[in-house]
Every structure is written in C-alpha cells, then in structure tokens.
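In: Based on what follows, work out the 3D shape:
(chains A and B)
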Amino acid sequence: MTRCIITAIFLLTASAIQAAVSDGVVRGKVTDKSTGEALPGVYVLYGKNQGTTSNDKGYYIFSTQAEKLTIVFQLVGYGALTREISFSRRDTVTLDVSLEMKIREIDQIVVSAGKYEQKISELTVSMDVIRPALLTSNHITDAQEMLNKTPGIEVMDGQASVRGGSGFSYGAGSRVMALIDGLPFLSADAGNIKWQFLPLENISQVEIIKGASSVLYGSSALNGIINFRQADATNIPETRFYTETGIYGSPRNRNWKWWNSPRFSSSASLSHLRKLGNTSIGLSASVLYDNGYRRLNDEKLARIGIRLKHNSSKLKGLSYGVNLNSGFTKAQDFVLWEDGYTGALKQSESTAITLHGDFLSVDPFVSYSGSGRTRHELKVRLQSTRNRFPDSEKNNSDAVSFYSEYQGSLKPGEKTGLTFGICESYGKINSEFFGDHTSLNLAGYAQAEYRPVNRLKAAAGLRLENYFLDGIADKLVPVFRTGLNLQAASYTFLRLSFGQGYRFPSIAEKFASTTLGSVKIFPNPGVQPETGWNSEIGIKQGLSIGNISGQADFAAFLTRNNRLIEYIFSYYQDPVTGIPDFGFMATNVEQSRILGFETEFLLNIPAGNVNTTVTAGYTWLSPVGYNRITHKTTGVYLKYRRKHSASLNIASSWEKFDFGLSLYAKSKILNIDDVFLDPGTREEILPGFYDYWTRNNKGYFTLDGSLGYKITPRLSLSFVVKNFTNTEYMGRPGDIQPHRNFSVRLTGNY
Amino acid sequence: MRNLFFLLVITGLLVNFSCKKTESERFTFLTGAIWVTDSLVANGQDAGGPGQLLADFSGEARFNKDGTGSFGNYTGEWSFSSDETQLVIKTNAIAFPVTADIKELTKVSLKLTTVMPNPMDIQNPYRIRMTFKAK
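Out: Below is the predicted model of the structure:
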C-alpha cells in the first residue's frame, strides 16, 4: 500500500513538473527607480485574476501558457507600471523593471487592526510595524529586546507594557495580547508570553496596536496586541541563515565583575521558503546558547518551525495548511540578586532554579476567498507548554490549550465591510504549583466599517465573551470599540478612536502558591477581571520633499483601567492552607488614569550612493491612580512606569557598507512596591537595593552601533556594539540590564 | 456627514458613560457613615483598651470617597479589593498594607477580620476581629 502511495505521489509530481516545463516562463527583478534597491512584495499581475509577488530580493517568476501578456507591476507607494510581452511556448523571458516611488511608509499594508489587509494610514488606531531588517541589523535574537526599542513600549522582565498600561507583575498575566499569525500566544497557566519560543527566524513583520483591542482579540488585549506575522514562500526559493557570536564586556561597576573567563553568547538560525506547485513550504530552525553576564543565569534554546500552505487548483480561492512551531529551553531565570554591593550580577542561590521548558503549537487552517468580496477562515491552535524544574518538582506545570476561530469577512459594496467571528479557547492545567484547572472562553464578535464619503472611514465593533473556570461561568462581558479615519489632505490622515478592554485573571494570579527565596507568593482565588478603556486622537502625515520621503505621526491618548490586578505585599492568611505569613498576593486594588502623547517620524533620505533612514520616537506619560467616584487622580504614580522615553535610529548604506546608530533614553521609574523601600522589609527581600535605588534611580541613555560589509551580494558580515556607553540601568528591582557587549554575525540570503 | 455626526455623538456618549461610575451599595454604606468601634478583638481577647494591641484603632473610623480615611489614631488610604469583599488599608504607622475580609457591611454595621504578625510568637499570629457601628 505504501509503495502504491509513493508511486502515485511520484507520478503526480512528475506530471506537474512536465506541465510546468511546457509553459513559457517570465522572470525578472523589480527595483526602486531612484535607489536601485530591490523591491519585495510587488504585485505582478497577468492574465485574468492571475499573479504573483516579488520576493525579498525583488525577484519574481511565473509560468504561463499564454503567448501574449499584459503584465502590471503594483506596489503601494509606487506608481503602477504596465508592460506587454509576447513569446513562444517554452521560452524564458527576462523582464526587469523599475518602479517610481511616491509615498511608501504610510501605505504599508497591515492586517491586525481589522483582521484584513488595509493601509496603515487608514487605520483608526495607532499601530507600529517592525520589519525583520531591524532584527538583522541590530543582531536581535530576543523579541523583548526588539520591543524595548519601539517607542511607547517597555518589556520589564517579560511583562510587556504598551503606553504605560502595565507595570511588573512577577511574570503572571499580560495586558498585552501576543499573537502569531493572529492566533493567541499566551500560556494557559501563567497567562504570560513565552518570549523565547517566538519564531523570529521567519518573521515578515510585527504589528503592534497601541490601545485596547479586546473587541477583535478578547481577554488580555486590554492595552494592545503584538502580532508576529510569519513569512510565506514566493515563487523564488529563498534560504536565509546567520551565525553569530558575542561577548560581554566588563560592567561599569568593577566590583560587580564576578567572572574570570569571558562570558560568551552564540546563536544561529536557518530558514528556507519555497513553493512546490501550489504548495508553499517554510522550514526554520534556530539555536542559542547564552552563558550570560550574571551568575546562575544562563540559557540554551532551540526552536523549529514548519509551514505548509496549499492553494487548491480545483476550487479557486481555497487554501489550507498547517503551521508548526516548537522549542526547548534549558535555563536559569534571574530572580533576586545576591546583594547590591558586589553581588548585583550574581543570582542569590536561594532563588536559582533550573527550568527545562518545552513548547509546541500546531495550527491547521482553511480559508476560502470568494470573488474578493467574501472570505471565510477557520483557524485552530493546539498549544502545549511544559515547565520542568528538576530541583523543585513541586513547581512543575503542564498547560494545554485548544483555540479555534471561525472568521468571516463580507464586503457588500465599496462603502461597507464587515468582519465577524466566533471563537473558543479551552485550557487544561496540571500542576502542583497552580493546582489542576480547566478554563473555557467563548466569544462572538463583529466589526463593521463604513465609508460615507471616500475620504472618511468609520468603524465600530462589539464582542460578547463568557469565561468559565473549572466549569463555573463568570458573567457575560460585552466590549465595544469605535473609530474614525479622515483623509484631510493627500497625505494627511486624522484618526479618532475609543475602545474598551478587559482581562480575566490568569490561573497563576488566582492559584499560584510558591516561595522564591525570601519571597512568598499567595494564591487569591477571589481576584476579579480587570476592565478599562482607551481613547486617542492622532494624525499621520506622509512626507515627500524632493527625494526625501517618510511619515510623521502624533497621537494623544487617555486610558482608564479599573480593578487593575497588582501584586501587593502584606501579611496574608493563605486561603488554602490557612497559614499566615508575609508575601505577595494578586489583588484588584488599582484604578488608573494614563494620559499621554506620542510622536514618531521616519525619513528615507537618498543622497548619491548613500541611502539613509532616520526613525525617532518620543512618548510622554502621566500614569497615576484615579478615583472613579470623585473623578480625581490620587496623585500617586502607578508602579514601574516611566514618564519619558525616546529613541533615535539612523541607518545608512553606502556601496558595500551599512552603518547604524541607535540612541535610547528613558527617565526614572516613578514608583515601586513599598516592600523594597520600607526599612522593615527591604534588606530581607533584596539586600542592598534601597541604597542602590536612592543613588541610581534616574534617567539614562544607551547607544548601540553597527557596521556591516557585503562580502558578496548574498553574504554579509556585521559587527554590533550594544550599550556602547556601558550605561548601568535597571528594569524591575534587582534586575540589572546588560552592560556593553559585542557581537559578530555572518548573514546569508540565497 | 449626518452619519459622521451620529457616530461622534454615540462615541461621546460612550466615553461619557464609561467615565461615570455609579456608586455600589457597599461603597455607599462604607463612605456614608462615621464608624465607631464596637469591639476590637485579638485571638479572642479584647485588645482595644489603653496600651493593648489595637488601642490605636479605637475610636472613629472614616472612609472618605476620595480613598483617604482615618482609622482611630491612624490616617491613610483605603480601597476595596476582590470584588468589594476585602478592604486594603494603608497607613504610615504600619509598614505594609493591611488586607481585611469584610464579614458584614450594612448601613449600620461593619465587621472586619484580618491577621497580623505576632513578633513574640511568629508561629501564632494575631487573628483580629473588628466591629463598628454607624455613628
């Protein structure tokens, strides 16, 4: 039987190749007319409803049985170009074209805001887009580092905060929803983001919505979403790889240096994308070893990814496939330092614990697009995370989740569009740490868009969600959002939005019971969901001055959250054991108001052989407690937030050389837990911290630099210095960030 | 443009609605009265007398709407937690916030329980019960 199947597959494959060989082939490269740069993602349209796109290097290829063709090259931000060719069968025609740029940045295509493709300038919410080039040019191997370089975002020891929406909550829960290709990526137990398992080796772009996004993305999208979109194969096979090695320098405070031999890190990654007939295949793998700049804080990590997508030849518009991501890590997380004097980079042995973690997600999907006006999609994610602590098995945890979503899109006319769907998320946790629990989330949503006039778009959406924990239903939660986008001038877009958000507490916040060194964590089964809303007004302006192009964006925003869950240090009676002690417990204690503004700009400056891109951003926040009864702020700053953050990045290329310079600045942390400052507790919890904090909690800036050289058009060597200024700065209490470090990377793109 | 006008009006109403919070019954009860201690008990023994453990809590307690309050001789801040089943009280006199379970809260009666560390006997903390009546 097996032999018959193999024979059949062989015959089918051979006949497909034969059919392809008998066609004519058109191939070529699309470049930017002014810079000569290759243009990826160009739509190459030919015949009726037929087309392909150029790959990352600007190349495209397709086969056809026609003898005469009209080919249209289209890319948002560029003028369309039409070419007519005629040729004989079996001919191969090379057609290289150059497109002339108009405004590019404001025409970027994104999907996360409405779950369908639209221009970023037409959104009603603020969105940042991160390109994979940022990862390559800055030698970034960790998504947290990537996000920390984005204006208005800070990841504090794993806790992502968008525009000050979160502080630090000891690794439990997230007010920002992480997604891979639109599907949730939070663990079912701690409700946190497993950063190390994000498949960075095959990212097409990362889309970040800054503001409540619960209507489309449900619980945990209280303050925004981060959607990691993976790349699909184009007609031209592509293989990318890198290998990197790095070394940590010496810390500014020489008393902290505890090592005698150099501290190295190394990583490597490989990805391959290709199409076989109508099937798109993606394979990726990466490994990382970081022996760390802190004692008892090292990491070994391996990831693999497989993507299969088949476009049906029998039913046009039908595609289906499966994505798989998996990873394994062996690491010691850094929890508490030994002391703030000579042991800030040494983990206290009382909290050092080895973690063996693994992750697996399998995402089958099927979608059908009919005549461009309807789309139906069924997506599933089966996800498993396992945490094993060989030296502390009572902390082991297994979490399995099953997420499924049907999503439909209708576009009855040019003026209206509707996105709707239903989804469920089932979680099962087996753990001594959290206890055994099941959770179920059921939701339905709809978001409509309407253009009363061509330049105006209005959007409104509603979601109903119900959460069940261990079979007991919480109340049905409705959330609403609405927004407007007005194109005030050719390249000027005004936006206005209001969105509600909510978050059910994670299993960890309700049930985690453990001791980390001298820190005890109590469960709180009674902790309630968080709610909030966000409103903003913004303007996006496209820029075009001679050869210089780009965009500027300004947004002013107001966020209010209610019943925020914070870990409060107090003297508690354990709800389970009845034994009282000092420690932390997740508590709905905080009402907050965050007022702020954010401005970002991007400029592309071609000058002779030198092409320069400048990006910059600045965010100002006023994050304070708020009394919803008196409508007055309490004057007390929210914990673990900063008032100012800014970044400036300059990247230039000249012939075979690339240069980069990045400057990041942040002001001091406004407030932290009293327990770290109170004379009665501070030395026992975190020795030496109070002295360190009083001297060093102030603003800081860091400088990164990069230099790259193209050995061949496909192979490049780059050198990066991070924290060139060797600035000493801290995230959450006791978490000293990396000092100056150097890395060399060899990158290939074939 | 009429549609735009309606959308703006709806948006404005929603924002306005979201900003306004009607006071819950428990909030109204707690902030609506001046509370006078009725009993202050630690480990089953009266502890509200002069020189005793809870002497400084004795007297009047006020829970102001703005989140400030006075609790006997102490002043500080208070907030509800866990769906208004607990009170978190912060004062300068105690190094950590005190979290108390609300056993009863009506227009005329407030009963709280909590635990406090016993420096003389770490293994046996003080189990505290405080009852108040509306003045």
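
In: where along chain B do the strands fall?
Out: With strands called from DSSP state E, chain B shows them at B:34-42, B:45-46, B:60-63, B:68-71, B:74-81, B:86-91, B:98-105, B:109-116, B:126-134.

In: Sheet partners, orientation included, of the shortest one?
Out: Here strand B:45-46 is paired, per DSSP bridges, with strand B:34-42 (antiparallel).

In: Just the buried residues of the strand it pairs with, please?
Out: B:35, B:37, B:40-42 (16 or more other CB atoms under 10 Å in any protein chain shown). For the C-beta atoms, the positions are set from N, CA and C on the backbone; glycine is no exception.

In: pLDDT of it, averaged?
Out: Mean pLDDT, strand B:34-42: 93.

In: so it versus strand B:126-134, what angle?
Out: 160 degrees (axes from the mean of the first three to the mean of the last three CA atoms, to 10 degrees).

In: picking that back up, what's the closest of the buried residues of strand B:34-42 to chain A?
Out: B:Ala42 (13.2 Å; CB to the nearest CB).

In: mind listing what the closest one touches?
Out: B:52-54, B:116, B:126-128 (CB atoms under 8 Å, 6 or more residues apart in numbering or on different chains).

In: and if we set it to 6 Å?
Out: B:53, B:126, B:128 (CB atoms under 6 Å, 6 or more residues apart in numbering or on different chains).

In: sorry, back to before: tell me the one among the buried residues of strand B:34-42 nearest to A:Lys48.
Out: B:Trp35 (79.8 Å; CB to CB).

In: so that closest one makes contact with B:Ala61?
Out: Yes - the criterion here is CB atoms under 6 Å, and B:Trp35 meets it with B:Ala61 at 4.3 Å.

In: where does the residue in the stretch 51-200 of chain A positioned nearest to chain B land on pLDDT?
Out: Proximity of the stretch 51-200 of chain A to chain B (CB to the nearest CB) peaks at A:Thr124, 10.8 Å away. On pLDDT, A:Thr124 comes in at 92.

In: That one: neighbouring residues, count only.
Out: 27 (other CB atoms under 10 Å in any protein chain shown).

In: Once you drop chain neighbours, what's closest to the closest residue to chain B within the stretch 201-350 of chain A?
Out: Residue of the stretch 201-350 of chain A nearest chain B, by CB to the nearest CB: A:Ala212 (10.9 Å). Nearest residue to A:Ala212, sequence neighbours excluded (CB to CB, 6 or more residues apart in numbering or on different chains): A:Gly501, at 3.3 Å.

In: residue closest to the middle of chain A?
Out: A:Ile226 (4.0 Å; CA atoms, centre = their mean).

In: close enough to count as contact, it and A:Leu179?
Out: No - with contact defined as CB under 6 Å, A:Ile226 does not reach A:Leu179; the gap is 7.0 Å.

In: quick one: low-confidence parts of chain B?
Out: Applying pLDDT under 70 to chain B flags the ranges B:1-22.

In: show me the contacts for the residue most central in space within it.
Out: By CA atoms, centre = their mean, the mean C-alpha position of chain B lies nearest to B:Leu87, the distance being 4.1 Å. Residues near B:Leu87 by CB under 6 Å, 6+ apart: B:78, B:100.

In: how much space between it and A:Lys510?
Out: 20 Å (CB to CB, to the nearest Å).

In: for B:Lys90, what are its contacts?
Out: B:76-77, B:97.

In: A:Leu39 versus that one, what's the distance?
Out: B:Lys90 is 59 Å from A:Leu39, by CB to CB.

In: Chain neighbours aside, what residue packs nearest to B:Met130?
Out: Nearest one to B:Met130, counting by CB to CB, 6+ apart, is B:Leu112 at 4.8 Å.

In: Next, count neighbours for the one you found.
Out: Neighbours of B:Leu112 using other CB under 10 Å come to 20.

In: ditto for the one 5 residues further on
Out: One way to gauge burial is a neighbour count; for B:Pro117, by other CB under 10 Å, it gives 14.

In: So it sits against B:Arg127, correct?
Out: No - applying CB under 6 Å, one finds B:Pro117 not in contact with B:Arg127, separated by 11.4 Å.

In: Please name the residues that touch the spatially closest residue to A:Thr354 that is not a sequence neighbour.
Out: Of all residues not flanking A:Thr354 in the chain, A:Gln332 sits nearest, at 5.5 Å (CB to CB, 6+ apart). For A:Gln332, the contact set (CB under 6 Å, 6+ apart) comprises A:296-298, A:352, A:354.

In: Return the members of the residues you listed classed as buried.
Out: A:296-298, A:352.

In: Looking at the residues you listed, spot the one nearest A:Asp290.
Out: Nearest member of the buried ones among the contacts of A:Gln332 to A:Asp290, counting by CB to CB, is A:Asp298, at 6.3 Å.

In: Enumerate every residue touching the closest one.
Out: Counted by CB under 6 Å, 6+ apart, A:Asp298 has contacts A:291-292, A:332.

In: try A:Val744
Out: Here A:Val744 is in contact with A:245, A:719 (CB under 6 Å, 6+ apart).

In: doesn't it fall inside a strand?
Out: Yes - assigned with DSSP: H, G, I helix; E, B strand; the rest coil, A:Val744 falls within a strand.

In: Could you list the contact residues of chain A toward chain B?
Out: A:452, A:458, A:482, A:498, A:526, A:528, A:533, A:568-571, A:573, A:580, A:587-589, A:627-630, A:678, A:680 (CB under 6 Å from any CB of the partner chain).
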